[in-house]
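> take this sequence and fold it.
(chains A and B)
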There are 2 protein chains.
Amino acid sequence: MYKSSLFLALTFVFFSCLQQQEKISSSTQLSKEEKIDSTKIKSLFNAALTQGESYEWLRDLTQTIGGRLSGSPEAAKAVVWGEQLMKSVGLDSVWLQPVMVPHWVRGEKEIAYYLNNGKQINVPICALGFSIATPKEGLSAEVIEVHSLEEAKALGEKMRGKIVFFNRPFDNTLINTFAAYGGCVGQRVQGAAVCGVYGAKGVIVRSMTNAIDDYPHTGTMSYGDLEPEQYIPTAAISSRAATILSADLKANPTLKFYFKQSCQTLPDAPSFNVVGQITGSETPENIMVVGGHLDSWDLGDGAHDDGTGIVQSLEVAALFKKNNFRLKNTLRVVFFMNEENGTRGAKKYAELAKLNQENHIGGLESDAGGHTPRGFSIDANLANTTLLQSWKKLLAPYGLHDLEQGGSGADISPLKAETVTLVGYRPDSQRYFDYHHTSIDTFDKVNKRELELGSASMASFLYLMDKYLYNNTPIKP
Amino acid sequence: MYKSSLFLALTFVFFSCLQQQEKISSSTQLSKEEKIDSTKIKSLFNAALTQGESYEWLRDLTQTIGGRLSGSPEAAKAVVWGEQLMKSVGLDSVWLQPVMVPHWVRGEKEIAYYLNNGKQINVPICALGFSIATPKEGLSAEVIEVHSLEEAKALGEKMRGKIVFFNRPFDNTLINTFAAYGGCVGQRVQGAAVCGVYGAKGVIVRSMTNAIDDYPHTGTMSYGDLEPEQYIPTAAISSRAATILSADLKANPTLKFYFKQSCQTLPDAPSFNVVGQITGSETPENIMVVGGHLDSWDLGDGAHDDGTGIVQSLEVAALFKKNNFRLKNTLRVVFFMNEENGTRGAKKYAELAKLNQENHIGGLESDAGGHTPRGFSIDANLANTTLLQSWKKLLAPYGLHDLEQGGSGADISPLKAETVTLVGYRPDSQRYFDYHHTSIDTFDKVNKRELELGSASMASFLYLMDKYLYNNTPIKP
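Modelled structure (predicted):
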């Protein structure tokens, strides 16, 4: 028995080595120039996986500062942290871009419950960003369940004095969970704007997640064109609570739901984008941006959203520095402020770029979590899209197979123009909405290797963009 | 500010929907027959993601029974659990295959420490499977650090009376972490066999992991051709402890390491493979196996290794049943016993297949964890390998891009023959060795969607194998 298990172990080793050999030999189908690129990319991955610092940066950001909603003391600390960190990496220059940001505060922990057959059912709940508070004593009303904005609108006056309960779940058959999010998030963003018109007393929304769990997922909402006196309190309830409430409403349609929240929107607060750059060696006037957002929701520590994007973006610059990659074009690392509720940082960055007549040739945003790499989403003209997709064979050995057309990200998309190539980093999305905007978006959910593979993927893509993009489409400021 | 955030949210929804549309439209490049396959595969994924039961099965196995090392009471319970579960799914027949298995027991929790500058450094340690115990009072000796079996052999008589410390870390630059494992596991399996020859007093091995952490990783070892009196106690120490010990040895080469373990190998014990099948509708004499292993190491709950493989294999059969897929060939689900330390179940299964003149045309094993799907590893003749690789365009929309030649798995590989097509399910490997053979291989490390996507991936591949494989290469018993 010992010998046979030894044999099996050795067989396994053999198979593993075989697989590895094959990957290397397949690279012989590359052209001479592609072999150079392949070697460069390998060196970036090797460096990220053996000398990467991003995991410890993320530990520090999430565990020392934690959640950092725009306008909060934590967001202010994160700005100082970001500036110091960028300087420590040895960028050529680091500066702050002042920007005024919304300042919404959650206040006391929210409370919600209802009575079902005499039993109090407590409901995990959280106010949505920009929602007003309930009256101090809370509010109570009967509940009408709907599954879309259209269904809500059709209710019209029937919703007056009621709480409207948006309960459309994620379509779990969609492989890309962001598509499932896209199919539901309208309820959260616009629910109150639709129901405020008809005098609903409040809106509660099923949390945006694939999972059935007990975490309320916060996120931004908007009162749209409502007059301030039409504003109504809005909150998310956990997906499990939504499922149970729906069942209880069928048995007891007149049950009264109670909730209480004390959130408020304070005057806009001063804050900053944190910006640093490595100046290009040949065409320093051409700028490529890499970034994520420094702010986060307040419930968790903003680990996957978007601590990972921040530390990966800076790791990209650090990898180029440490491995003596001299980019032709300027690489600018931006920690954007206020992506979650206003994207003021993104707008300010684009506004200043225009004002200063800066010439952006491309951008890469990481704001889809820090899970294992899958690819990039390309928002560019046809020629550049085709060019970027031609790099697939260089990227596939690293699990980067997805190079489809699509959006880039909320922070760099204001830079969009015919000649600007914008790219979104797309890691695996399966676990992302388990944590998104909740109290469990914490450091322990991030895997070191997955994070580092992401940094290396981004650096590799930017290396290729730097080398080939400008040559492909000469750009004038 | 409200309107602009509303706008951004809607832009996001739009981009997400756009991406989804593109995926669907790309399927128009398929032939008529491929479109049928594409629809069938989609229905399997839809069913797995909305009606999947495997996650709750896994919760039950890992949290009610837990770790289930061969010969243990827990392994016996797992057999009963597996048989009942297979029957509950409505397979055409379910039976047990008796097999005698090794029966190694860990005994009391191991202890290890050394003195460094008068300070006691405690070391997280665990005995390796099949190791003998130390003397009751433990053993203490000076330590010699090596990084390979060759380096150890070269020491020869210098190791007499010493503890040999194998400290080769994973090569973290290998993207496939199984390749890194393959490059190190020889130390664990053969270390004692090499060092017992020269009268070393014991062997300690750095844990098999990409991470620097405090968990000792157990696993099987072998005394090879040693005489029993040459056997020496062998244990794994955590990767962090190995790193620290290595540094301390540089400063203090004569420090004495102490460890104590009370493990022993008892007489072989009776156990079972659990087998069930759905009989084929056209060629029932042709058998395709799908399986994983029911036993696990004792330290954790055997969640990723290999609870996920077990429940995914049965979910495959359940998906076919519930969605009225009638396979031409017989699908046999096997919960193999004793993969971890002996593969007796695998050998018994192959032995009985030969004895009963069964005609296996293919097999699919899931024993690489339950993370997000990446593809399959193919062990088949050239014609069938080419055939299987031609299915890539049907599988790519589900993130299944890796269809390389390679091993299948320890449990089905004894079925290998020129006409048998063996396949290993290959999920993402980045996190796998964080948990492998440790106390933290527990249910909470498994994500429901990733697990279900795996079942659907496996079912899809078997659907294609059933439809095309036998037609491609007629097989006679």
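
> neighbours of residue A:135, how many?
The number of residues packed near residue A:135 is 8, by other C-beta atoms under 10 Å in any protein chain shown. Every C-beta, even on glycine, is put in place using the N, C-alpha and C of the backbone.

> can you show me the helices along the stretch 151-300 of chain A?
Counting by DSSP state H, counting those that start in this stretch, one finds helices in the stretch 151-300 of chain A at the ranges A:177-182, A:185-196, A:239-251.

> nearest to chain B, of those?
When the helices of the stretch 151-300 of chain A are compared by C-beta to the nearest C-beta, helix A:177-182 sits nearest chain B, at 3.0 Å.

> what's the closest one packed up against?
Applying 3 or more C-beta pairs under 8 Å, 6 or more residues apart in numbering or on different chains; DSSP states H and E, we find helix A:177-182 packed against helix A:432-435, helix B:2-26.

> before we move on, the earlier item: relative to residue B:221, which of the helices of the stretch 151-300 of chain A is closest?
Residue B:221 sits nearest to helix A:177-182 of all the helices of the stretch 151-300 of chain A, at 41.8 Å, using C-beta to C-beta.

> for the stretch 351-477 of chain A, what spans make up the helices?
Shown for the stretch 351-477 of chain A, the helices assigned by DSSP H, counting those that start in this stretch span residues A:382-389, A:392-395, A:432-435, A:448-464, A:470-472.

> show the average pLDDT along the third one.
Right, the one you point to is helix A:432-435. Helix A:432-435 carries an average pLDDT of 98.

> what's in contact with it?
With C-beta atoms under 8 Å, 6 or more residues apart in numbering or on different chains as the test, helix A:432-435 has contacts from A:170, A:177-178, A:180-181, A:208-211, A:213, A:217, A:300, A:303-305, A:368-369, A:371, A:440-442, A:445, B:447.

> residue A:287 versus residue A:212, what's the distance?
From residue A:212 over to residue A:287 the distance is 45 Å, taken as C-beta to C-beta, to the nearest Å.

> show me what the longest strand belonging to chain A is packed up against.
When chain A is parsed with DSSP state E, its longest strand is strand A:264-278. Applying 3+ C-beta pairs under 8 Å, 6+ apart, we find strand A:264-278 packed against helix A:73-89, strand A:93-105, helix A:308-322, strand A:329-336, helix A:344-355.

> which one of these lies closest to chain B?
Among the helices and strands packed on strand A:264-278, the nearest to chain B by C-beta to the nearest C-beta is strand A:93-105 (5.6 Å).

> following the closest one, which helix or strand comes up?
Next helix or strand after strand A:93-105 toward the C-terminus (DSSP states H and E): strand A:111-116.

> tell me the contacts of residue A:31?
For residue A:31, the contact set (C-beta under 8 Å, 6+ apart) is empty.

> around chain B, which positions in the stretch 251-400 of chain A sit nearby?
Counting by C-beta under 8 Å from any C-beta of the partner chain, the stretch 251-400 of chain A comes close to chain B at A:341-344, A:347, A:371-372, A:374, A:377, A:396-399.

> same check, this time on the stretch 51-200 of chain A
So the stretch 51-200 of chain A meets chain B at A:102, A:130, A:172-179, A:181-183, A:185-186, A:189-190, A:193 (C-beta under 8 Å from any C-beta).

> residue A:41 falls within a helix, correct?
Yes - assessed with DSSP: H, G, I helix; E, B strand; the rest coil, residue A:41 lies in a helix.

> hmm, residue A:463 and it touching each other?
Yes - Residue A:41 is within contact range of residue A:463, at 6.9 Å (criterion: C-beta atoms under 8 Å).

> how much space between residue A:119 and residue A:82?
Residue A:119 is 49 Å from residue A:82, where distance means C-beta to C-beta.

> more neighbours, the two?
Counted by other C-beta under 10 Å, residue A:119 and residue A:82 do not tie: residue A:82 has more neighbours, with 26 against 9.

> what mean pLDDT does stretch A:41-53 have?
Here stretch A:41-53 scores 98 as its mean pLDDT.

> could I get the buried residue list for it?
Buried residues in stretch A:41-53, defined by neighbour count with 16 or more other C-beta atoms under 10 Å in any protein chain shown: A:41-49, A:52-53.

> for residue A:104, give the beta-bridge partners.
Residue A:104 forms beta bridges with residue A:265, as assigned by DSSP bridges.

> surely it touches residue A:128?
No - look at residue A:104 against residue A:128 with C-beta under 8 Å: they stay out of range, at 9.6 Å.

> those two: which is more packed in?
Each of residue A:104 and residue A:128 has its neighbours counted (other C-beta under 10 Å); residue A:128 has more, 28 against 24.

> quick one, what contacts that one?
Counting by C-beta under 8 Å, 6+ apart, residue A:128 makes contact with A:188, A:192, A:205, A:218-221, A:234-236.

> highest neighbour count among the residues you listed?
Top of those by neighbour count (other C-beta under 10 Å): residue A:236, with 32 neighbours.

> from residue A:126, how far out is that residue?
Residue A:236 sits 6 Å away from residue A:126, taking C-beta to C-beta as the criterion.

> what touches both of these two?
Shared contacts of residue A:236 and residue A:126 (C-beta under 8 Å, 6+ apart): A:216-218.
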